[in-house]
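Undergrad: Using only what follows, build the 3D model:
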Amino acid sequence: QVQLVESGGGLVQPGGSLRLSCAASGRTFSNYAIGWFRQVPGKEREFVAAINWSGGSTYYPISAKGRFTISRDNAKDTVDLQMNSLKPEDTAVYYCAARRGEFGYFARSYAYWGQGTQVTVSS
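TA: Numbers count the residues shown, from 1 in each chain. Got it, this is the predicted structure:
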């Protein structure tokens, strides 16, 4: 069992930046790939970024590439998501999730989830 807690969400103006953090506890954190997803009401969870167990491999969808950066610190059991050049369409609840093995792009492939943190991009 892995417990995940997100933090760092809030209100930011278009073009601004936020840094989300996902803190893990429970099983050995370095055994898990971590993904970030986001969700708005009425829509499915959308993949935002993922990182493998070591931090050596990352992946982003086109919507996030060049603006978002995922990183991890296995000594601190944390994964961060740096979000720059934020747009109103980035507004959503952001979740981190964990899965054994390599990272995946589909929410259903992740076994453990945090409670989410709200990100609102608005002027």
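
Undergrad: quick one: contacts for residue 10?
TA: For residue 10, the set of contacting residues under the criterion of Cβ atoms under 8 Å, 6 or more residues apart in numbering consists of 18, 118, 119, 120. Any C-beta I mention is one placed from the backbone N, CA and C, and that applies to glycine too.

Undergrad: Need the nearest residue in space to the residue located most distally from the centre of the chain, chain neighbours excluded.
TA: Summary for the chain: using Cα atoms, centre = their mean, the residue whose C-alpha lies farthest from the chain's mean C-alpha position is residue 123, with a distance of 23.5 Å. Residue nearest to residue 123 in three dimensions, not counting chain neighbours: residue 13, with 5.3 Å by Cβ to Cβ, 6 or more residues apart in numbering.

Undergrad: Next, find the distance separating that neighbour from residue 20.
TA: For residue 13, the distance to residue 20 under the criterion Cβ to Cβ, to the nearest Å works out to 17 Å.

Undergrad: Looking at those two, which is more packed in?
TA: Comparing residue 13 with residue 20 by neighbour count (other Cβ atoms under 10 Å), the higher total belongs to residue 20, at 25 against 10.

Undergrad: Can you classify the most centrally placed residue in the chain by secondary structure?
TA: The structure's the chain has its C-alpha centroid closest to residue 36; by Cα atoms, centre = their mean the separation is 2.4 Å. Residue 36 falls in the strand class when you classify it by DSSP: H, G, I helix; E, B strand; the rest coil.
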